[in-house]
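**Student:** Got a sequence here, can you build the structure:
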Amino acid sequence: VVTLSLLMYPVLRSLALQLHSAITGSYVSGTHSIAFINCLNEQIAKDIARAIMDKKLAAYVNILPKSSALYFWKGELEESTEILLIVKTRTSKIGELSNYVRSIHPFEIPEIISLPIDQGNPLYLKWIEENVPRD
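**Tutor:** Below you'll find the model as predicted:
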């Protein structure tokens, strides 16, 4: 019973948050997230951004210009330039977004990191909600 309760917790929490938001009309912290995805070049970034949007996994994707990166890869210090995607979506879509990006990304281990949105412009957050379908 405890195991089943723990497995159901994310589902129950999600439903409770949706109910709270619907009743109060207020934003519930963490309902939406920003994901960061690194890409090798601008064409790959555009292709991945478009694929994310075509699947309706995000409401908005920024494609930031080249930045320098230093990182360890297979024990060696590497330096490269990368393009960064900033993806605005529902928190409930992060798992699906991550799985999908990993399936189409050329990197062996692509950077896909998300952070919950604590607060923001209520109209913008509602717009994200309207443009990313529920699960």
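**Student:** Show me the helices in this protein, by range?
**Tutor:** 2-24, 42-54, 94-104, 122-131 (DSSP state H).
**Student:** Comparing these by mean pLDDT, which bottoms out?
**Tutor:** Here these differ in mean pLDDT, and the lowest is helix 2-24 at a mean of 64.
**Student:** Tell me which residues touch the residue minimising distance to the centre of the chain, please.
**Tutor:** Among the residues of the chain, the one closest to the centroid is A35, at 3.5 Å (Cα atoms, centre = their mean). Contacts for A35 (Cβ atoms under 8 Å, 6 or more residues apart in numbering) come out as A58, L85, I86, V87, T89, I94, L97, S98, I112, I113, S114. In this view, the C-beta of every residue, glycine as well, is placed from N, C-alpha and C.
**Student:** and if you look at R134?
**Tutor:** The contact partners of R134, taken as Cβ under 8 Å, 6+ apart, are R90, S92.
**Student:** Do you know the pLDDT at it?
**Tutor:** Reported pLDDT for R134: 88.
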